[in-house]
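Enquirer: sharing a sequence plus its predicted fold:
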Amino acid sequence: MENKNIQNKPIFAVSDLSVSYKKHVPVLDHVSFEIERGEILGLVGESGCGKSTLAKAILNMIKHESGEITYDVSKNNKGIRPQMVFQDPYSSLNPVKKVGWILEEPLKLRGGLTKAKRLEKVREMLDRVGLDDVFADRYPRQLSGGQRQRVALAGALMLEPELLIADEPVSALDVTIQAQIIELLLKLHRDMNLSVLFISHDLRVVYQMCDRVMIMKKGEIVEMGKVQEVYFSPKHEYTQTLLEAAGISEDKSLTD
Ligand SMILES: Nc1ncnc2c1ncn2[C@@H]1O[C@H](COP(=O)(O)OP(=O)(O)OP(=O)(O)O)[C@@H](O)[C@H]1O
């Protein structure tokens, strides 16, 4: 389905980005791309190709040795930086704090809202991610994997960022729960006008989620384009190999 949210104006640009953990061994090699405002851009590649490194580099969690990262924060967004959700929400949620506290914290740190207003926003966000108010009073360990990922998404979106970076957000979940979280991400993308960088090794999930896709091999982007074009007219040999390995070239259900 055509995504009506897309405006042909990048919200985010990476130019010539290179990262090495060890000297002279690039993990990311001159990576360049843009994320259009309102789009969901997929990043696909085999384990170890550099996907998480790219996510961390663009969030300044690790240093890059060369290249430029440009984030266009619109005037009405008060400079909220891109936020991230991870594969394993358990490690990103503070285990000794209740969900209500976790969701209120970013609002507290930013300041400017009364306690009552903050709690109202927490309730609203729980509702947006499909969780009842009672979850505010639970610890992360008392939640299922899917519920924890809902809380992680809620936490990332509390300050209403314009860009979300989702690093394998459904990979650790059962298939039925995966489908629910994908639905939720698509709903949040529509409702909150979010742009998303969606990182996954699962080509089928990317097909369901994304408008465009980048294929990464050993730290380089080898192909990039609209999902339909890349999946059904792949230009790079590596893309063809990935699609064949996932059984996608002959799988009609993707095109139905
Ligand atoms: N902190 C680190 N120090 C040294 N090498 C690292 C570090 N983190 C990752 N690497 C290496 O960098 C390469 C890319 O890793 P990265 O985690 O970015 O890949 P990935 O595509 O996200 O993999 P996966 O899909 O398995 O999560 C791998 O060879 C990995 O071993």
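Expert: Thanks, I have the structure now.

Enquirer: going by C-alpha atoms from here, please, whenever you check contacts or count neighbours.
Expert: Noted.

Enquirer: where along the stretch 101-250 of the chain do the strands fall?
Expert: Ranges of strands within the stretch 101-250 of the chain are 163-167, 195-200, 212-217, 220-226, based on DSSP state E, counting those that start in this stretch.

Enquirer: if I pick the residue of the stretch 101-250 of the chain found nearest the ligand, what's in contact with it?
Expert: Of all residues in the stretch 101-250 of the chain, His201 sits closest to the ligand, at 6.2 Å by C-alpha to the nearest ligand atom. Contact analysis of His201 by C-alpha atoms under 8 Å, 6 or more residues apart in numbering lists 44-47, 168.

Enquirer: swap in 6 Å and give it another go.
Expert: Going by C-alpha atoms under 6 Å, 6 or more residues apart in numbering, His201 touches 44-45.

Enquirer: could I get the phi/psi values of it?
Expert: phi -100, psi 0 (degrees, to the nearest 10).

Enquirer: ok, now how distant is it from Thr70?
Expert: Using C-alpha to C-alpha, to the nearest Å, His201 is found at 26 Å from Thr70.

Enquirer: swap in Lys51?
Expert: Distance of Lys51 to Thr70, computed by C-alpha to C-alpha: 19 Å.

Enquirer: who's more crowded, those two?
Expert: Neighbour count, other C-alpha atoms under 10 Å: between Lys51 and Thr70, Lys51 has more, with 26 against 13.

Enquirer: give me every residue in the stretch 51-200 of the chain lying close to the ligand.
Expert: Proximity of the stretch 51-200 of the chain to the ligand, by C-alpha under 6 Å from any ligand atom, involves residues 51-53.

Enquirer: now render these as CSV, adding pLDDT and secondary structure.
Expert: What follows is these, written out as CSV (pLDDT from 0 to 100; DSSP: H, G, I helix; E, B strand; the rest coil):
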residue, pLDDT, secondary structure
Lys51, 94, helix
Ser52, 92, helix
Thr53, 94, helix
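
Enquirer: let me see the contact set for Ala156.
Expert: For Ala156, the contact set (C-alpha under 6 Å, 6+ apart) comprises Gln83.

Enquirer: kindly recompute the last result at 7 Å.
Expert: 83-85 (C-alpha atoms under 7 Å, 6 or more residues apart in numbering).

Enquirer: any idea how far it lies from Pro169?
Expert: Relative to Pro169, and taking C-alpha to C-alpha, Ala156 is found at 12 Å.

Enquirer: which neighbours do these two share?
Expert: Val85.

Enquirer: give me the low-pLDDT residue ranges for the protein?
Expert: Applying pLDDT under 70 to the chain flags residues 1-8, 73-79, 250-253, 255-256.

Enquirer: spatially central, which residue of it would that be?
Expert: Ala166 (1.9 Å; C-alpha atoms, centre = their mean).

Enquirer: thanks again, I'm all set now.
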